[in-house]
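Enquirer: need a structure here:
(one chain, ligands or ions: 1)
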Amino acid sequence: MFEELPILPPDSILGLAAECRADPNPDKVDLTIGIYMDESGNCPVFNAVRLAQRQLIDEEQTKSYIPPQGDPHFISGLVELVVGAEALGARAGCVGAVQAPGGCGAVRLGAEVLKASGTKGKVWVSDPTWPVHVPLITSTGLELGQYRYYDPATHGVDFVAMTEDLAAAGPGDIVLLHGCCHNPSGADLTTEQWRDITAMAVSQGFTPMVDLAYQGFGEGLDADVYGLRYLIEHVPEVVIAASLSKNMGLYRERTGLAIFVGPDTRAAEATVSQAKAAARRIYSMPPAHGALLAGRVLSDPVLRADWETELTAMCARINGLRSEFQHRLEESTGRDFGFIAKENGMFSFLGLSEDQAQRVRSKHGLYMLDSSRINIASLNSENMDRVVAAVTAVL
Ligand code: LMR
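Expert: Numbers count the residues shown, from 1 in each chain. Now for the predicted structure:
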């Protein structure tokens, strides 16, 4: 059976990260995958997570399954972190949530429930978007649409083009938005633009779906969900895929949540039942470890404060790197890189062509995606000179 089975090319992000790991060049720099790295080039375990893990090891009595919907502390803690007490109060009883294996799993559960609703509409994704959105959504049978989003000429959001394209989205359509820290561009909507998109959703009747993988890495835990909460206050149905991979450093623990905001309690119950059924037929049960840790961190005031302090420091470090990198590139190339400091989160497009991105890799051991997306959080004082020199050389 497998004799004729085609061998697929490597994943566009994970494949390059593996290529970098295998590269013997001692001066190589990996700016590929979206992982927070500290000044010494390590992806740290949050102190609060480490403490919660010690407690869990001491107290855990069983490795039996957790409930199929997920760990209740984790669900209530993360729903409150994302939706916020105010919006939650206003939509009391209308919010359902099901734990998922990472943000990826949450996108898939969200798409499964939308598909089960019988919609014949499209899921509109930004051009560009995180490449994995495409298979996660289309594997449910939902059709994909695309709206213009990032303009390489201005290094920012082309909101006129975005709204022109979304003018065609109507009832039954779903519009996938990045809650903050747009992946891959780092270019986010302003508060005013979030309000405009909300008004379009209300008047045209499309359903927003929000991928929230970087809450706290932009302007802060609450500021980063301004747009999402505004949507929840005004739009009858919103789907959210939340992840704690990055902002709690739980990458390998696959800790995500699909959240459904519906018109009433019956609809919330229906979404939860559908998401649980989808999980059961795909992977059966949610993984426990990350959710049990996160449930403790989110509900224990001491751990929670410790986590928020560390996350704030990470965010400040990324913003410091953005401005240092901007100035170093400007000094070295004589070009304007002001956009780097204006963007949010881990990612930025450097504006290199595919050929330049490949040359910087083969000649200088500097690994970025072919689109020239880099992970700013992988820069540090040890590799900054090499990165600036290599980019300058190919420009
Ligand atoms: C990324 O975009 O690099 C991250 O979200 C990791 C991944 O799974 O692609």
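Enquirer: For the chain, which segments count as strands?
Expert: With strands called from DSSP state E, the chain shows them at 29-30, 95-100, 122-127, 143-148, 150-151, 156-157, 174-178, 207-212, 238-243, 256-261, 347-349, 366-367, 373-375.
Enquirer: mind checking the backbone torsions on P101?
Expert: Backbone torsions of P101, given as degrees, to the nearest 10, read phi -70, psi 90.
Enquirer: Export the strands of the chain as JSON lines, with columns for mean neighbour count.
Expert: No exception for glycine: its C-beta is placed from N, CA and C like everyone else's. Output for the strands of the chain, formatted as JSON lines (neighbours: other CB atoms under 10 Å):
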{"stretch": "strand 29-30", "mean neighbour count": "24"}
{"stretch": "strand 95-100", "mean neighbour count": "28"}
{"stretch": "strand 122-127", "mean neighbour count": "22"}
{"stretch": "strand 143-148", "mean neighbour count": "16"}
{"stretch": "strand 150-151", "mean neighbour count": "18"}
{"stretch": "strand 156-157", "mean neighbour count": "18"}
{"stretch": "strand 174-178", "mean neighbour count": "25"}
{"stretch": "strand 207-212", "mean neighbour count": "24"}
{"stretch": "strand 238-243", "mean neighbour count": "27"}
{"stretch": "strand 256-261", "mean neighbour count": "29"}
{"stretch": "strand 347-349", "mean neighbour count": "25"}
{"stretch": "strand 366-367", "mean neighbour count": "25"}
{"stretch": "strand 373-375", "mean neighbour count": "26"}
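Enquirer: Throw the ones you listed into CSV and include mean pLDDT and distance to A111, thanks.
Expert: Output for these, formatted as CSV (pLDDT from 0 to 100; distance: least, CB to CB, whole Å):
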stretch, mean pLDDT, distance to A111
strand 29-30, 98, 31
strand 95-100, 98, 11
strand 122-127, 98, 7
strand 143-148, 98, 10
strand 150-151, 98, 23
strand 156-157, 98, 24
strand 174-178, 99, 8
strand 207-212, 98, 8
strand 238-243, 98, 9
strand 256-261, 98, 9
strand 347-349, 98, 23
strand 366-367, 98, 31
strand 373-375, 98, 24
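Enquirer: what about the longest helix in the protein?
Expert: Across the chain, the helix with the greatest residue count (assigned by DSSP state H) is helix 301-333.
Enquirer: Give the buried residues for that helix.
Expert: By 16 or more other CB atoms under 10 Å, the buried positions in helix 301-333 come out as 303-304, 306-308, 310-311, 314-315, 317-319, 321-322, 324-326, 328-329, 332.
Enquirer: now the residue of the chain found nearest the ligand, nearest residue through space, not along the chain?
Expert: Closest contact between the chain and the ligand, by CB to the nearest ligand atom, is at G34 (3.3 Å). Using CB to CB, 6 or more residues apart in numbering and skipping the chain neighbours, the partner closest in space to G34 is M346 (5.1 Å).
Enquirer: Tell me if I'm right that the one you found and G216 touch.
Expert: No: using CB atoms under 8 Å, M346 is not in contact with G216, being 11.8 Å away.
Enquirer: Neighbour count: those two, which is higher?
Expert: Neighbour totals were compared for M346 and G216, and M346 leads with 27 against 24 (other CB atoms under 10 Å).
Enquirer: burial measure for the closest residue to D71 other than its chain neighbours, as a count.
Expert: Among residues not flanking D71 along the chain, A291 sits closest, at 4.3 Å (CB to CB, 6+ apart). By other CB under 10 Å, 28 other residues sit near A291.
Enquirer: for A291, what are its contacts?
Expert: Shown in contact with A291 (CB atoms under 8 Å, 6 or more residues apart in numbering): 66, 70-71, 74, 99, 253, 255.
Enquirer: in this protein, which residue is closest to the centre?
Expert: Centroid-nearest residue in the chain, with CA atoms, centre = their mean: A213, separated by 2.7 Å.
Enquirer: Now do the contacts for it.
Expert: When contacts are counted by CB under 8 Å, 6+ apart, A213 touches 103, 178-179, 181, 183, 241-243, 245-246.
Enquirer: Over to A377?
Expert: 34-37, 314, 317-318, 321, 346.
Enquirer: Kindly reformat these as JSON lines and extend each row with pLDDT.
Expert: Listed next are the contacts of A377 as JSON lines, based on pLDDT from 0 to 100:
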{"residue": "G34", "pLDDT": "97"}
{"residue": "I35", "pLDDT": "97"}
{"residue": "Y36", "pLDDT": "98"}
{"residue": "M37", "pLDDT": "98"}
{"residue": "M314", "pLDDT": "98"}
{"residue": "R317", "pLDDT": "98"}
{"residue": "I318", "pLDDT": "98"}
{"residue": "L321", "pLDDT": "98"}
{"residue": "M346", "pLDDT": "98"}
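Enquirer: Which members of these are the farthest-apart pair?
Expert: Farthest apart among the contacts of A377 by CB to CB are G34 and R317. That separation is 15.2 Å.
Enquirer: Tabulate the strands of the chain in CSV, adding columns for distance to the ligand.
Expert: Output for the strands of the chain, formatted as CSV (distance: least, CB to the nearest ligand atom, whole Å):
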stretch, distance to the ligand
strand 29-30, 11
strand 95-100, 14
strand 122-127, 14
strand 143-148, 18
strand 150-151, 15
strand 156-157, 19
strand 174-178, 11
strand 207-212, 10
strand 238-243, 9
strand 256-261, 12
strand 347-349, 7
strand 366-367, 12
strand 373-375, 7
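Enquirer: Surely F339 touches S348?
Expert: Yes: contact criterion CB under 8 Å: F339 and S348 qualify, at 7.5 Å.
Enquirer: Distance check, the closest residue to G218 other than its chain neighbours against G338.
Expert: Take G218 and drop its neighbours on the chain: the residue closest to it by CB to CB, 6+ apart is N344, 3.7 Å away. Going from N344 to G338 by CB to CB, to the nearest Å gives 15 Å.
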